[in-house]
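Novice: Take this sequence and fold it.
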Amino acid sequence: MYRIFLAIGLLVVLYFLVRRAVTAVGKIKGRSEPDQLPPGKNHMVQDPVCLVFVPRGTAITEEIGGQTYYFCSQSCAHKFQEKLAG
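Specialist: As a prediction, this is how the structure comes out:
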């Protein structure tokens, strides 16, 4: 019974080691993961007020507290600033 648990544990460790090695080789060859690619103008962002998705290139941007927020309209940006102030 203990041998089965030991074998399963070793297989899990081997899986993570192989996965880490494959990721490292991919980075050496110049491939980047999708999360690391810069978002384009067509990248959809969500308005934090009305929760509508809009293309990043056409969204209204406001920098508040050092963080950039994207809005579908000026009225949503104004509502968001009022919500933060009060």
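Novice: how far away is Ile4 from Leu11?
Specialist: 11 Å (Cβ to Cβ, to the nearest Å). All C-beta atoms are positioned from the backbone trio N, CA, C, and that covers glycine.
Novice: can you pull the contacts of Gln74?
Specialist: Ile60 (Cβ atoms under 8 Å, 6 or more residues apart in numbering).
Novice: so what's it scoring on pLDDT?
Specialist: You'll see Gln74 listed with a pLDDT of 94.
Novice: How about Ile28?
Specialist: Confidence score, pLDDT, at Ile28: 68.
Novice: before we move on, what about Leu84?
Specialist: 86.
Novice: what about Thr68, which SS state?
Specialist: strand (DSSP: H, G, I helix; E, B strand; the rest coil).
Novice: can you list the domain ranges for the protein.
Specialist: 2-35, 38-85 (automatic domain parsing).
Novice: what's the least confident stretch among these?
Specialist: domain 2-35 (a mean of 81).
Novice: on that earlier part again, okay, the domains of the chain, which one's buried deepest?
Specialist: The highest mean neighbour count among the domains of the chain, using mean count of other Cβ atoms under 10 Å, belongs to domain 38-85: a mean of 13.
Novice: so after the helix ranked longest in the chain, what's the next helix or strand?
Specialist: When the chain is parsed with DSSP state H, its longest helix is helix 2-28. Note on helix 2-28: by DSSP states H and E, the next helix or strand toward the C-terminus is strand 44-46.
Novice: which residues touch that following strand?
Specialist: With Cβ under 8 Å, 6+ apart, strand 44-46 has contacts from Val52, Phe53, Val54, Pro55, Arg56, Ala59, Tyr70.
Novice: would you list the residues you listed in JSON lines and tack on secondary structure and distance to Met44?
Specialist: Below are the contacts of strand 44-46 laid out as JSON lines (DSSP: H, G, I helix; E, B strand; the rest coil; distance: Cβ to Cβ, whole Å):
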{"residue": "Val52", "secondary structure": "coil", "distance to Met44": "10"}
{"residue": "Phe53", "secondary structure": "strand", "distance to Met44": "4"}
{"residue": "Val54", "secondary structure": "strand", "distance to Met44": "7"}
{"residue": "Pro55", "secondary structure": "strand", "distance to Met44": "6"}
{"residue": "Arg56", "secondary structure": "coil", "distance to Met44": "7"}
{"residue": "Ala59", "secondary structure": "coil", "distance to Met44": "9"}
{"residue": "Tyr70", "secondary structure": "strand", "distance to Met44": "10"}
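Novice: If anything else comes up later, I'll come back, but that's it for now.
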